[in-house]
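**Q** Fold the following.
(chains A, B, C, D and E)
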Amino acid sequence: MRLKKFFNLRKIIWKGKILLLAYDQGIEHGPTDFNDKNVDPSYVIDIAAKGGFTGLVLQKGIAEKYYDKMKRLKVPLVLKLNGKTSLVKGDPVSRQLATIEEAVDLGAVAVGYTIYIGSFHEEEMLVDASRIQDEAHKKGLPLIVWVYPRGSGVKDIKKNDLMAYATRVALTIGADVVKIHPEGSMKGFGWAVKSAGKVRVICAGGSKISEKKFLKMVENYMKQGASGMAIGRNVWQDKDPEGLSEKIRDIVWK
Amino acid sequence: MRLKKFFNLRKIIWKGKILLLAYDQGIEHGPTDFNDKNVDPSYVIDIAAKGGFTGLVLQKGIAEKYYDKMKRLKVPLVLKLNGKTSLVKGDPVSRQLATIEEAVDLGAVAVGYTIYIGSFHEEEMLVDASRIQDEAHKKGLPLIVWVYPRGSGVKDIKKNDLMAYATRVALTIGADVVKIHPEGSMKGFGWAVKSAGKVRVICAGGSKISEKKFLKMVENYMKQGASGMAIGRNVWQDKDPEGLSEKIRDIVWK
Amino acid sequence: MRLKKFFNLRKIIWKGKILLLAYDQGIEHGPTDFNDKNVDPSYVIDIAAKGGFTGLVLQKGIAEKYYDKMKRLKVPLVLKLNGKTSLVKGDPVSRQLATIEEAVDLGAVAVGYTIYIGSFHEEEMLVDASRIQDEAHKKGLPLIVWVYPRGSGVKDIKKNDLMAYATRVALTIGADVVKIHPEGSMKGFGWAVKSAGKVRVICAGGSKISEKKFLKMVENYMKQGASGMAIGRNVWQDKDPEGLSEKIRDIVWK
Amino acid sequence: MRLKKFFNLRKIIWKGKILLLAYDQGIEHGPTDFNDKNVDPSYVIDIAAKGGFTGLVLQKGIAEKYYDKMKRLKVPLVLKLNGKTSLVKGDPVSRQLATIEEAVDLGAVAVGYTIYIGSFHEEEMLVDASRIQDEAHKKGLPLIVWVYPRGSGVKDIKKNDLMAYATRVALTIGADVVKIHPEGSMKGFGWAVKSAGKVRVICAGGSKISEKKFLKMVENYMKQGASGMAIGRNVWQDKDPEGLSEKIRDIVWK
Amino acid sequence: MRLKKFFNLRKIIWKGKILLLAYDQGIEHGPTDFNDKNVDPSYVIDIAAKGGFTGLVLQKGIAEKYYDKMKRLKVPLVLKLNGKTSLVKGDPVSRQLATIEEAVDLGAVAVGYTIYIGSFHEEEMLVDASRIQDEAHKKGLPLIVWVYPRGSGVKDIKKNDLMAYATRVALTIGADVVKIHPEGSMKGFGWAVKSAGKVRVICAGGSKISEKKFLKMVENYMKQGASGMAIGRNVWQDKDPEGLSEKIRDIVWK
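**A** Down below sits the predicted model:
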């Protein structure tokens, strides 16, 4: 029965909040995000462990090859199921590259899937994500959707409307958590949180900015109802990832 | 055998009439239709219960997350199986996002599916809807189709012809109820009802208009042979949804 | 074994001839073909019964909703498996909307499928029709193909060549009966019959014309080797369908 | 195990050579290739039997409808699995219309499949043919591929290069015999035979030419290493097909 | 469990290095790469055996037809699963032509698959490769991916960035070895090796160049962290393949 669906969400939630370390940029952006240190998954797995993140976002290749370290350090795995390179132009599409069965084998605590609403290929991702939602829930795995408005359909639409649309789509297809990249106003973000209903909203950290600015941003999101953050570059590109992680935790769990 | 097919239709019919509360706009239009109150599914579920609707139209995400309230208030669920955002331009396509198995698990009393006839992608929706019809009937679930003429194929076609075409397509593929958005004349609507044969025709309420105008419209549809209404914004955007629902019921079951 | 394949053809053949009443226009043309009487499937089922037709061509929706009447009057059902509206422009494609399993459940005596040769989407219909041929024969059901040359590929091709091509395609994919809409000369039609080999050729009646002209046309087709007719509008748009049917029978079984 | 794969090739080979009668033109070219005699499959089956051909190439429709005659005259059937009309313009695609299961049921001794390399749709045919190769070999059926360079990709490529490319593709995907339509030089044809490795190369006869010219052509191909011929129009359009067949046999088995 | 995944990699690795003889050019380039000697697979199988290669890259057709020789000489088979001709223009796509089941039947020690990142059809190849990775690992077969940046998406991207992107994609989807065609600087190649994480990087030999230049190139790649080479034309187009192979081995296993 459907009532068992939310049991495992607690595996990535601690005291009601979610703090993910995002490390799926290798295929999404290419290695240009990396330097000699953070190009190595081991380095980032260490940060996830020491930084107290409630989940580390990886695709299956890294999750498999660095499985032993993940286990040893007890880092909770969020398996990102779809992916694409940034090379291909035009309306984006990102398709399923790993199965729920593989997520289970790898001991994932949640699965992730990106939907580009407004893209000409939106339908394919809505179909995939909806099927995955059902499969994941049957295995007790929560679904985190990255919902990003992209492509020819989002021109001339207000950023606040897009944010709220993104979270509502997540609610509609039955995701448990939605990650968005807030681009409108803080008030607009609050409305997006409302539009999500019972779905938890977490925010992308985006590209590296100053610590002060970044922490302020996190604080603002949390005040407006965010359930947490999914941060990548701002942490593992930092010279003191552990120190920064502590400051972030202080805000998220304030 | 096929003879068992219509058993469950009575679950959404009361004294021969159907009155649905439509709340699938979150993905179809985005949250711009909502305000601080009706953005919350709980608010709308309450209206469905108190307003005496014979069914509430939801997609699977909301139906799952608000399952307990739906059960407690005994609101009959019409599970909308397909969906798309309004962002994507061009000839529309809306694909299946929830399965019949999920509808059964959620205790739905009927399933819904939208077909855009005249769209370049019409064929995909006809194929999906026809397969769903068979699957749904095997599980004792009636199929309600939303048939909307859209896309490059409907230019220069008379509105009355499109209305009748819509209901006839519903008859052809074996739907049990067809929801249309009447845009031609009242006489044309009567002809559309005739073209539907044994399929029941219900009408969309459309965007919010004055109560007087709205109730007159409902009355006219019912006089021309409609089997009921599927209303959303005119009810849950109203300041007194319960009161308005009562007035609607008085007309539908006159 | 394949030798059992033609057993059931006799169910739609009487003394070597086939006379079908076609009533699939609701989705193919829209209800514009209908008037207040013949818009009602019951009216047409009555004609099929009284007119002595060896089969009535319906899609699954009507076949299901009017199943009781079909059974009571013992009207042999030819289930049309694919369909599309006339709204969509460009090279036509018509896809499978009902299964062989459904045809069996409905007690069909044959199944029908339309192929638009020359259409850019020809391949999809050839693939579908070929698979259906195998499935249908395994269940003892003969396959009637409507083969219509349409789309960008048929420009500048002679009508006689198209007629013969249509019937030969039917032979090639293993259909048992081919319905064509003869558009070339009578001599060309004779050649099309020859090109069909052991496949029986029947002719479409087309849109309503004068009785005299129509009966003469039927006579000519039969003389050139047609195995019968599939007539719709000329019969059920007639003021005396029963009387006209009798005259047609006299010619077909002369 | 794979070692059983070549057992049945001997069913279409006699003393190391292959001589096929091709009669798949009905769908590939339309009936314009035919006259009053050879439009009838029975006529051509007789030629195959009396002419001593090691195989007759048919699609499933003719193979089924004329199954009894094929059996009685013990004509070995090569079932052509894919097909398309010549009406559709643009880069060609030809898709599977009959299954290996049907080939087995019909007692085929080999199956055939056409690949248009250089076509924009090449990939679909490579995928289909490769899958069919596996399925056919599992049932002990050899695969004959027709490999024809066609479409936008073959412009400005030398004919000799295309010939060799065609036979090498056949080797790469695991076909047992490749039929090509040689269009380059005789030396180029010899190179194409070498490029085929252990795959046997047979040549298309093409459209009707004078007997003298035709027999000379056959002789030249055989000298350059062809394993035989697949001839259609030059035989069954001839006024003395049996006599001509004898002359061809004399050359092939010289 | 996933921990068994890397067992068989040792079958193509010797003392930590990989040296493959590539012979998949027949379909990828056409036979224009070949001469009278190396057009014959037997000749190349001999080189693989005598030259001490840790694997010979073949498609299924050659692997099957020359199975006995491969077995007799104990040449380890790397089965290339996808392929396409070089004729088709536009953004490239290469699809799966052989299954993991076939690879197992043929006794392959690894499977290969080509991905064209940056191509408009990238998604199809990412999906296929990811599924194959899972299937292959379940059967104990390592996956070697050829990752080549191609098509409209790679214009204006720096060669060094493309190299690193290619190896990172291999890591992301879980390949065990990635073959690239290095086109940037040696420093860039080193970065690509780093970006690959635990995935081994091997280099394509490319078209025939002078021995001196070629060996220098191999040496440089090995110094920058390559795990080996996959060489074709430079070896089997050489007048002394055995001698050259020895020199290559001396560098790779220095």
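**Q** Show me where the stretch 151-254 of chain A has its helices.
**A** Under the criterion DSSP state H, counting those that start in this stretch, the stretch 151-254 of chain A contains helices at A:159-173, A:186-195, A:211-223, A:233-236, A:241-252.
**Q** So which bits of chain A are right by chain E?
**A** Applying Cβ under 8 Å from any Cβ of the partner chain, we find that chain A lies next to chain E at A:26-27, A:30-32, A:34, A:36, A:39-41, A:59-62, A:64-67, A:83-85, A:87-90, A:93-99, A:102, A:105-106. The C-beta positions use only the backbone N, C-alpha and C, and glycine is treated the same way.
**Q** any residue of stretch A:219-235 up close to chain B?
**A** No: using Cβ under 8 Å from any Cβ, stretch A:219-235 never reaches chain B; the gap is at least 12.9 Å.
**Q** Check the offset of that stretch from the chain's centre.
**A** Distance of stretch A:219-235 from the chain centroid (Cα atoms, centre = their mean, to the nearest Å) equals 11 Å.
**Q** got it, and stretch A:59-73?
**A** 18 Å.
**Q** Would you mind measuring the gap between the ends of it?
**A** Its start and end residues considered, stretch A:59-73 measures 18 Å (Cα to Cα, to the nearest Å).
**Q** number of nearby residues for the closest residue to residue A:53 other than its chain neighbours?
**A** Excluding the flanking residues, the one nearest residue A:53 by Cβ to Cβ, 6 or more residues apart in numbering or on different chains is residue A:21, at 4.3 Å. Using other Cβ atoms under 10 Å in any protein chain shown, residue A:21 has 28 neighbouring residues.
**Q** repeat for residue A:61
**A** Residue A:61, neighbours per other Cβ under 10 Å, totals 28.
**Q** Could you report the neighbour count for residue A:49?
**A** Neighbours of residue A:49 (other Cβ under 10 Å): 18.
**Q** contacting residues for the nearest residue to it once chain neighbours are set aside?
**A** Leaving aside its chain neighbours, residue A:49 sits nearest to residue A:73 (4.0 Å; criterion: Cβ to Cβ, 6+ apart). Going by Cβ atoms under 8 Å, 6 or more residues apart in numbering or on different chains, residue A:73 touches A:45-46, A:48-49.
**Q** Show me those residues that map onto helices.
**A** Judged by DSSP state H, these include A:45-46, A:48-49 as members of helices.
**Q** Was I right to think residue A:226 contacts residue A:203?
**A** Yes: counting by Cβ atoms under 8 Å, residue A:226 touches residue A:203, with 5.4 Å between them.
**Q** And stretch A:138-155, what's buried?
**A** Neighbour counts using 16 or more other Cβ atoms under 10 Å in any protein chain shown place A:141-151, A:153-154 of stretch A:138-155 among the buried residues.
**Q** For it, measure first residue to last.
**A** With Cα to Cα, one end of stretch A:138-155 sits 37 Å from the other.
**Q** mean confidence score for that stretch?
**A** For stretch A:138-155, the mean pLDDT works out to 96.
**Q** for stretch A:183-196, same thing?
**A** Here stretch A:183-196 scores 97 as its mean pLDDT.
**Q** do stretch A:71-88 as well
**A** Rounded mean pLDDT across stretch A:71-88 is 98.
**Q** Quick one: residues contacting residue A:24.
**A** A:57-59, A:80, A:83, A:112, A:232.
**Q** Please repeat the previous calculation with a cut-off of 10 Å.
**A** Residue A:24 makes contacts with A:56-59, A:62, A:78-80, A:82-83, A:112, A:114, A:146, A:230, A:232, E:172, as judged by Cβ atoms under 10 Å, 6 or more residues apart in numbering or on different chains.
**Q** next one: residue A:69
**A** Applying Cβ under 10 Å, 6+ apart, the residues contacting residue A:69 are A:41-42, A:45-46, A:49, A:75.
**Q** In PyMOL, select just the buried ones from those residues.
**A** Selection of buried members from the contacts of residue A:69 for PyMOL, criterion 16+ other Cβ under 10 Å:
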select buried, chain A and resi 41+45+46+49+75
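**Q** Looking at chain A, which residue is nearest chain C?
**A** residue A:123 (17.3 Å; Cβ to the nearest Cβ).
**Q** sec struct for that residue, please.
**A** Under DSSP: H, G, I helix; E, B strand; the rest coil, residue A:123 falls in the helix class.
**Q** measure it to chain B for me?
**A** 5 Å (Cβ to the nearest Cβ, to the nearest Å).
**Q** Kindly report the same for residue A:145.
**A** 10 Å.
**Q** and that residue, what helix or strand is that in?
**A** strand A:143-149 (DSSP states H and E).
**Q** what lines up beside that strand in the sheet?
**A** strand A:110-117 (parallel), strand A:177-180 (parallel) (DSSP bridges).
**Q** so which of those comes closest to residue C:241?
**A** Within those, the stretch nearest residue C:241 is strand A:110-117; the backing value is 53.4 Å (Cβ to Cβ).
**Q** May I have the closest one exported as PDB, CA atoms only?
**A** Only the C-alpha atoms of strand A:110-117 are listed here, as PDB (Å, rounded to 0.1, in the frame of the first residue of the first chain):
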ATOM      1  CA  ALA A 110      17.300   8.500  -2.300                       C
ATOM      2  CA  VAL A 111      17.300   8.900  -6.100                       C
ATOM      3  CA  GLY A 112      17.500  12.100  -8.100                       C
ATOM      4  CA  TYR A 113      16.100  13.000 -11.600                       C
ATOM      5  CA  THR A 114      16.300  16.300 -13.500                       C
ATOM      6  CA  ILE A 115      13.300  17.700 -15.400                       C
ATOM      7  CA  TYR A 116      13.700  20.600 -17.800                       C
ATOM      8  CA  ILE A 117      10.200  22.100 -17.900                       C
END
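**Q** I'd like the mean pLDDT over it, please.
**A** 98.
**Q** Turn the ones in helices among the contacts of residue A:73 into a markdown table, including pLDDT.
**A** Formatted as a markdown table, the ones in helices among the contacts of residue A:73 follow (pLDDT from 0 to 100):
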| residue | pLDDT |
| --- | --- |
| A:45 | 98 |
| A:46 | 98 |
| A:48 | 98 |
| A:49 | 98 |
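**Q** For residue A:18, grab the count of nearby residues.
**A** When neighbours are counted by other Cβ under 10 Å, residue A:18 registers 25.
**Q** how near is it to residue E:162?
**A** Look at residue A:18 and residue E:162: by Cβ to Cβ, to the nearest Å, they are 35 Å apart.
**Q** just curious, which of the contacts of residue A:24 is nearest to residue D:118?
**A** Nearest member of those to residue D:118, counting by Cβ to Cβ, is residue A:83, at 32.2 Å.
**Q** Verify the contact between that closest one and residue E:129 for me.
**A** No: at 11.6 Å, residue A:83 does not count as touching residue E:129 under the criterion of Cβ atoms under 10 Å.
**Q** got the contact list for residue A:102?
**A** Going by Cβ under 10 Å, 6+ apart, the list of residues near residue A:102 reads A:60, A:63-64, A:79, A:81, A:108, A:111, E:2, E:130, E:133-134, E:137, E:174.
**Q** These in strands, which ones?
**A** Among these, DSSP state E puts A:79, A:111 in strands.
**Q** Tell me the one among the ones in helices among the contacts of residue A:73 nearest to residue B:182.
**A** Nearest to residue B:182 among the ones in helices among the contacts of residue A:73, with distances taken as Cβ to Cβ, is residue A:48, at 57.2 Å.
**Q** How about the contacts made by the closest one?
**A** Going by Cβ under 10 Å, 6+ apart, residue A:48 touches A:19-21, A:23, A:54-58, A:70, A:73, A:75-77, A:235-236, A:241, A:245.
**Q** just residue A:168 next, same as before
**A** A:117, A:147, A:178, A:192, A:194-197, A:199, B:25-27, B:29-32, B:34, B:39, B:61-62, B:85.
**Q** switch to 8 Å and redo it
**A** A:195-196, B:26-27, B:30-31.
**Q** Stretch A:78-98: end-to-end distance?
**A** Stretch A:78-98 has an end-to-end distance of 12 Å (Cα to Cα).
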